[in-house]
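Novice: got a predicted structure plus its sequence, pasted below:
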Amino acid sequence: DQQVKQNSPSLSVQEGRISILNCDYTNSMFDYFLWYKKYPAEGPTFLISISSIKDKNEDGRFTVFLNKSAKHLSLHIVPSQPGDSAVYFCAASARGYQKVTFGTGTKLQVIP
Amino acid sequence: DSGVTQTPKHLITATGQRVTLRCSPRSGDLSVYWYQQSLDQGLQFLIQYYNGEERAKGNILERFSAQQFPDLHSELNLSSLELGDSALYFCASSARDKFGEQYFGPGTRLTVT
């Protein structure tokens, strides 16, 4: 039962353009969402998060949007840079539970 | 550098054997999490410890066990190993009130032959 789904295993974007990574979830109890970035041979790194009381959170070039009614969130990277090439994991958790559920990841390639 | 250390980096062993993976959390973090990442799979949550006590359990097999010691380092024990246990095993730690924002170690790559 995959409660957090990233349906696009990979994405290629030109340098300078916008990268949009999508994530869907099924568990209505989830109220906190995160994005992690992972380079090869390294552990994932926390990137940005959003609480369910918000619909947008911005941090520099990274913006996460949350659509609760659609149970969908997305990560926008603008402008995309070659150093952004990595695997991006969407993750979610529910209040009162310390377990974080991760998606399967989307591999982003930013082409110079 | 996340501040989380994991040893060993690589481990190759045979089916039926037992191994121990070790993790030291970031200084000050009381929570330790273990994850398994198999080929083309996401991060599967195994288990969480907080200050020495088990707090949450995921899809951890009965052949696997973990503990957190008084100095807060943690060990994941995998026994009766099978080929399908070959994976990357990550440890992560978090601050007390920010369990979602986890800091991951570099992982241990386990290969069972």
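Specialist: Structure's in. What do you need? Numbering: from 1, shown residues only, chains lettered A, B, ... in the order given.
Novice: now do the contacts for A:K5.
Specialist: A:C23, A:D24, A:Y25, A:T26, A:G103, A:T104 (Cβ atoms under 8 Å, 6 or more residues apart in numbering or on different chains). Glycine gets a C-beta too; all of them are placed from N, C-alpha and C.
Novice: okay, now the last one: neighbour count?
Specialist: Translated: A:T104. Number of residues near A:T104 (other Cβ atoms under 10 Å in any protein chain shown) recorded here: 18.
Novice: and chain A, which residues reach chain B?
Specialist: A:4, A:6, A:32, A:34, A:41-46, A:49, A:89, A:91, A:93, A:97-105 (Cβ under 8 Å from any Cβ of the partner chain).
Novice: can we see that at 7 Å?
Specialist: Within reach of chain B by Cβ under 7 Å from any Cβ of the partner chain, chain A has these residues: A:32, A:34, A:42-44, A:46, A:49, A:89, A:93, A:97-105.
Novice: what subset of the residues you listed is buried?
Specialist: Among the residues of chain A next to chain B, those scoring as buried are A:32, A:34, A:43-44, A:46, A:49, A:89, A:93, A:99-105 (criterion: 16 or more other Cβ atoms under 10 Å in any protein chain shown).
Novice: who's residue 50 bridged to?
Specialist: The chain I'm using is chain A. On the basis of DSSP bridges, A:I50 is bridged to A:F33.
Novice: sorry, I should have been clearer: chain B.
Specialist: Taking DSSP bridges as the rule, B:Y50 bridges to B:S31, B:E53.
Novice: by mean pLDDT, flag the weakest helix or strand of chain A.
Specialist: Within chain A, no helix or strand scores below strand A:100-102, which has a mean of 90 by mean pLDDT, DSSP states H and E.
Novice: give me the contact list for that strand.
Specialist: A:Q3, A:V4, A:F89, A:A91, A:A92, A:S93, B:G42, B:L43, B:F45, B:G100, B:Q102 (Cβ atoms under 7 Å, 6 or more residues apart in numbering or on different chains).
Novice: next one: stretch A:57-67
Specialist: Taking Cβ under 7 Å, 6+ apart as the rule, stretch A:57-67 contacts A:33, A:35, A:47-50, A:52, A:54-56, A:73-79.
Novice: which of the residues you listed fall in strands?
Specialist: A:F33, A:W35, A:L47, A:I48, A:S49, A:I50, A:K56, A:L73, A:S74, A:L75, A:H76, A:I77 (DSSP state E).
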